[in-house]
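[1] need the 3D shape of this:
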Amino acid sequence: MVLTSKLNGVMLGSENPKALGEFYNKIFGNAGWQQDDWYGYDVNGGQFMVGPHSEIKGTSKEPARIMINLECKDVKADFEDMKSKGAKVVAEPYQPDAKASPKVWLATMADPDGNFLQLSTPWE
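    This next block holds a predicted model:
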């Protein structure tokens, strides 16, 4: 049997959710919902939350394990914007296969906890 549930969002735990929430406020705009150290965002219909978690200490030990993918029309422009807002550069904008998919661009950034965010043009 195939699971029929719908993935509706991501919850990101942090030892320092306030700093992470302030970072994502710059990226996504002010949280649509905030209570104490919890921040909730509606990112074009996808739900994204940041909050405290007792089992999380320090920065991400394996940041490439899960990447938060953000589809955008202009990877280069969004990359520069995110960099100016404090995102750390992991991979500058590049084309993974310029011959087969010349319109596809990717770039990878990291948030203050080291979690990876990947910018991507729509895949065709």
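
[2] only C-alpha atoms from now on, for both contacts and neighbour counts.
    Noted.

[3] helices of the protein, start to end?
    Counting by DSSP state H, the chain has helices at residues 17-28, 75-84.

[4] now do the contacts for D113.
    14, 20, 58-60 (C-alpha atoms under 8 Å, 6 or more residues apart in numbering).

[5] looking at these, which is nearest K26?
    Proximity of the contacts of D113 to K26, judged by C-alpha to C-alpha, is greatest for L20, which lies at 10.1 Å.

[6] what score does that closest one have for pLDDT?
    For L20, the model assigns a pLDDT of 96.

[7] that one is in contact with D111, isn't it?
    Yes - L20 is within contact range of D111, at 7.4 Å (criterion: C-alpha atoms under 8 Å).

[8] out of the contacts of D113, who's the most crowded?
    In terms of neighbour count, S14 stands highest of these at 24 neighbours, by other C-alpha atoms under 10 Å.

[9] can you pull the contacts of it?
    20, 50-53, 56-58, 113.

[10] what's across from it in the sheet?
    Legend: beta-bridge partners of S14 under DSSP bridges are P52.

[11] output the contacts of S14 in CSV, with distance to D81 appended to each entry.
    Conversion of these to CSV gives the following (distance: C-alpha to C-alpha, whole Å):
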residue, distance to D81
L20, 17
V50, 21
G51, 24
P52, 27
H53, 29
I56, 28
K57, 28
G58, 26
D113, 19
